[in-house]
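Trainee: Structure here, sequence nowhere to be found:
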């Protein structure tokens, strides 16, 4: 009989353990889990596994999890293990999820799947689908979803099953295995289940219908979709209040007539049923004339017909209350279908005359202006309007006049690049005249300033730069557009402190670190603002660490709410936009390269402890270890938001933002540094003083060495890094000799005499960091060869040469005062 | 011209010309994901044909019984695209979702008591000042703390328009039902 006082004691210990876990005190929780009274309990062991994974002791965690699940490592579970209780299953599922081990989760499902926890474990696997799952894992996931659908009356599990099948099939297509018999059947199986999801009830939600149509669309069964859509009777909402979702156990958001008609139009277009598509779009415009998307759809449908005059017929049929949409639609149709330039011209002029007050008028018309390039009468008419708007400007000017002037000038700049100089002078004169007036509209005046600044920068009119200073674009009350212009301007003048202060004023946060830090990051690096660059880069990495956790959690939430397609969108977002973000790759490269400059600047080498910490941070799976990527096949995501610059011309042509290829090249070079340090760190733990060779049988070490070998073949790596990398590589593989040290020393001296660092900002990553890696390797080499005086002497000579080399490079780089101060503080006064 | 469509995750990289405006808050990813995961039908983007985001609306449905209502979490328009009726269209869309999809009794929102411009805009859209919430907005270092107006608009399900009979006394944030 169990001892009652013992089980009381056990319960007390478990409660304390839970409490420490809740507060995140994992070391303490771990200690309690090892208490003799509970150490052998399965529940305590499972909780211990959570502590271990949270403390970064993954291997030990995996041992416990696999032992409790009963997985013998062959992929098939050991037979006849006693089933685990629900709380143990859900705890092990947490550990497996934190380890990113879908295989352990599927093993858990296979062997121990009591009903209530199956949904939890299943949803954990869905969360891991942001990384990749094997077909076996998908298969188990599918089985699990199916069993949930059969055993409960919750329709959403049917949706889960369908989605799982679609993901599995998509995965098979990517691997070229979709012709395999059991995988080829997936689309039809999914169709069968999706049909059950939407049949036999009158409260089918929009998400259920969309899931069903997605399944049919994947098989290109457009006619079936259209037939089904036409027969749907849109339901009245069944929701009573927020408790309804618990009552009905499914998504209840009603499928409305508008949603239905939108889908019908879309699928009619896909099935080339243009006439029907046109009638759908006309109906949609009638139902909601303010949504220009329907006008765009109508135009696309018309472009699929061969009837050149259809647009005139349609124009007579469209009866929209929204005048702005109607006028722009008319212009759009004329531009697309008519060659009558004078008719187009007069319609645009009509729009300009009635809508010039709107700040968006230019962006409304931009699509049509390309057709007006070279049309003299149009330019003349715009010129007339421009002159009329500023006829009394010496004495007064209204907002209306400034807006009209702004629009006309912008159009003329866009049309006639050859007259830029003349137009710019006139614009600047107008601005000066406005300033003399006591009363003018600030907002429209600022828009004119931005336009002037845009032209000055884009045409590199350095003779007018002083005017940009006078505009005081960085003042607090100025708009974000003015501030962005000011940042670009100050970057071009290397006045990075002003740029940085202005950038901070924009209060960039969260996801904006990925999409907007490109505006300032490179200038910070190039001008020696290394601490700030590191802070920015860490913020970018932080966004991705959060996203890696939050997006999967919300995938689970979407699935629980029956929003399957939202779950699918989030999955693709995380996989295709967040994980391969070029900004993330660059940020990590910056942090690696600038690591030697952090903290103790007088310590002229990367200490092994610091290197170990750096490697651990970057090996963290939650931060998407892109440094393991094979760059040759890496497809990056460029999430930088260039559209934030509301400029006349393409902003990428105006200012020199890094091309993605350059950013990848930078990351490749950094990857070499990363691998070298990682290898030194690993080998430092392993080598013995007696044997000069590292143990190659450590898989990670062997992988690193193989990676270094391949990276050394990359052409774009600068010579000095190649020299240094080869030296470290030979040292690590035991090929180094005393003669080799002499040879490399003389090569480095020659290099030091000949080298130039053209780009001051490249100095740190290109030269300094590799030098520090070499110094670390030298230190390890000295330790390895123990008391051998010759090697110590040689190492000292090499060390002095390194210092001398850097001094020579500093002498060449005399541009940046701040950089000079930083570098001088790093050089030790005497070599050891 | 403005197109209205469901907000997509990719829009998080493109909404800076809206969100850089000082009065528009940028939240963490979890916040946007939570709304998309739970109330995707309320999350709508206003977009120009070339893909520039002009504005967006976020909302939700909550409440028991006759307090079942749509709520405007955020509605914002890029400064360049203001005074075009986009705000009105976004609000109309939210009301349509609340009425035709969620069967709500009313729609409500909170607005700073000092923001007379926004208040008069909502009044034009048919909202009334239902009750004052004292110290609803706390200071965040940029804006001072202040009271909020809880503004409401009744929907057809509220036949007797009980939801828009104004309260005669102010309340505190802790008295709010949600």
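Mentor: Perfect, thanks for sending it. All values reported here derive from a predicted model rather than from experimental measurement.
Trainee: Quickly note the distance from the spatially most central residue of chain B to chain A.
Mentor: The centroid of chain B falls nearest to residue B:72 when counting by Cα atoms, centre = their mean (2.5 Å). As judged by Cβ to the nearest Cβ, to the nearest Å, residue B:72 and chain A stand 17 Å apart. (Each C-beta comes from the backbone N, C-alpha and C, glycine too.)
Trainee: and that residue, that's in a helix?
Mentor: No. Per DSSP: H, G, I helix; E, B strand; the rest coil, residue B:72 lies outside any helix segment and is strand.
Trainee: ok, so what distance separates the residue lying farthest from the centre of chain B from chain A?
Mentor: Distance from the C-alpha centroid of chain B, by Cα atoms, centre = their mean, peaks at residue B:50 (25.8 Å). From residue B:50 across to chain A, the span is 7 Å (Cβ to the nearest Cβ).
Trainee: wait, does stretch A:410-430 contact chain B?
Mentor: No. Using Cβ under 8 Å from any Cβ of the partner chain, stretch A:410-430 never reaches chain B; the gap is at least 12.6 Å.
Trainee: What's the end-to-end length of that stretch?
Mentor: 14 Å (Cα to Cα, to the nearest Å).
Trainee: From the chain's centre, how far out is it? Work that out for me.
Mentor: Relative to its chain's centre, stretch A:410-430 lies at 38 Å (Cα atoms, centre = their mean, to the nearest Å).
Trainee: buried set for that stretch?
Mentor: A:410-416, A:423-424, A:426-428, A:430 (16 or more other Cβ atoms under 10 Å in any protein chain shown).
Trainee: Tell me the confidence at the residue farthest from the centre of chain B?
Mentor: pLDDT, residue B:50: 83.
Trainee: swap in residue A:811?
Mentor: So residue A:811 comes in at 52 (pLDDT).
Trainee: show me where chain B has strands.
Mentor: Under the criterion DSSP state E, chain B contains strands at B:3-6, B:44-47, B:53-62, B:69-77, B:106-112, B:128-137, B:146-154.
Trainee: With mean pLDDT and distance to residue A:277 added, can I get those strands in a markdown table?
Mentor: Compiled in a markdown table, those are given as follows (pLDDT from 0 to 100; distance: least, Cβ to Cβ, whole Å):
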| stretch | mean pLDDT | distance to residue A:277 |
| --- | --- | --- |
| strand B:3-6 | 94 | 17 |
| strand B:44-47 | 96 | 21 |
| strand B:53-62 | 95 | 26 |
| strand B:69-77 | 95 | 31 |
| strand B:106-112 | 95 | 33 |
| strand B:128-137 | 93 | 42 |
| strand B:146-154 | 95 | 35 |
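Trainee: thinking again about what came up before, report the spatially closest residue to the residue nearest to the centre of chain B, excluding sequence-adjacent ones.
Mentor: Once flanking residues are discounted, residue B:72 sits nearest to residue B:109: 3.8 Å by Cβ to Cβ, 6 or more residues apart in numbering or on different chains.
Trainee: pretty sure residue B:59 is touching residue B:73, no?
Mentor: Yes. Residue B:59 is in contact with residue B:73 according to Cβ atoms under 8 Å; the separation is 5.5 Å.
Trainee: Name the residue in those two with the higher neighbour count.
Mentor: residue B:59 (27 against 17; other Cβ atoms under 10 Å in any protein chain shown).
Trainee: residue contacts, the more buried one?
Mentor: Going by Cβ atoms under 8 Å, 6 or more residues apart in numbering or on different chains, residue B:59 touches B:39, B:42-43, B:70-73, B:94, B:97-98.
Trainee: Give me the pLDDT for the residue nearest to residue A:373 when sequence neighbours are not counted.
Mentor: Spatial nearest neighbour of residue A:373, excluding adjacent residues (Cβ to Cβ, 6+ apart): residue A:415 at 5.6 Å. Per-residue confidence (pLDDT) for residue A:415: 88.
Trainee: can you count the residues close to residue A:373?
Mentor: Around residue A:373 there are 12 residues (other Cβ under 10 Å).
Trainee: From residue A:36, how far off is it?
Mentor: 85 Å (Cβ to Cβ, to the nearest Å).
Trainee: My guess is residue B:126 contacts residue B:155. True?
Mentor: No. Contact criterion Cβ under 8 Å: residue B:126 and residue B:155 do not qualify, at 10.5 Å.
Trainee: Those two - which one has more neighbours?
Mentor: Between residue B:126 and residue B:155, residue B:155 has the larger neighbour count (other Cβ under 10 Å), namely 22 against 14.
Trainee: From chain A, how far out is the more buried one?
Mentor: 11 Å.
Trainee: need the contact list for that residue.
Mentor: Neighbours of residue B:155 in contact, by Cβ under 8 Å, 6+ apart: B:70, B:95, B:98-99, B:104-107.
Trainee: For those, work out which two are farthest apart.
Mentor: The distance between the two most remote of the contacts of residue B:155 (Cβ to Cβ) is 12.1 Å, for B:95 and B:105.
Trainee: Helix or strand: which one has residue A:516?
Mentor: Residue A:516 is part of helix A:512-516 when elements are defined by DSSP states H and E.
Trainee: per-residue confidence averaged over that helix?
Mentor: 93.
Trainee: looking just at contacts, which helices and strands does the next helix or strand after that helix meet?
Mentor: Downstream of helix A:512-516, the first helix or strand assigned by DSSP H and E is helix A:521-526. Packing partners of helix A:521-526 (3 or more Cβ pairs under 8 Å, 6 or more residues apart in numbering or on different chains; DSSP states H and E): helix A:496-505, helix A:530-560, helix A:582-594.
Trainee: quick one: helix A:521-526 to chain centroid distance?
Mentor: 20 Å.
Trainee: how near is residue A:476 to residue B:171?
Mentor: Taken as Cβ to Cβ, the span from residue A:476 to residue B:171 is 35 Å.
Trainee: cool, and residue A:445?
Mentor: 44 Å.
Trainee: Which one's more surrounded, these two?
Mentor: Here residue A:445 and residue B:171 are set side by side on neighbour count (other Cβ under 10 Å), and the busier one is residue A:445, at 19 against 14.
Trainee: so that one sits in a helix?
Mentor: Yes. Secondary structure of residue A:445 (three-state DSSP): part of a helix.
Trainee: which residues sit in contact with it?
Mentor: A:402, A:431, A:434.
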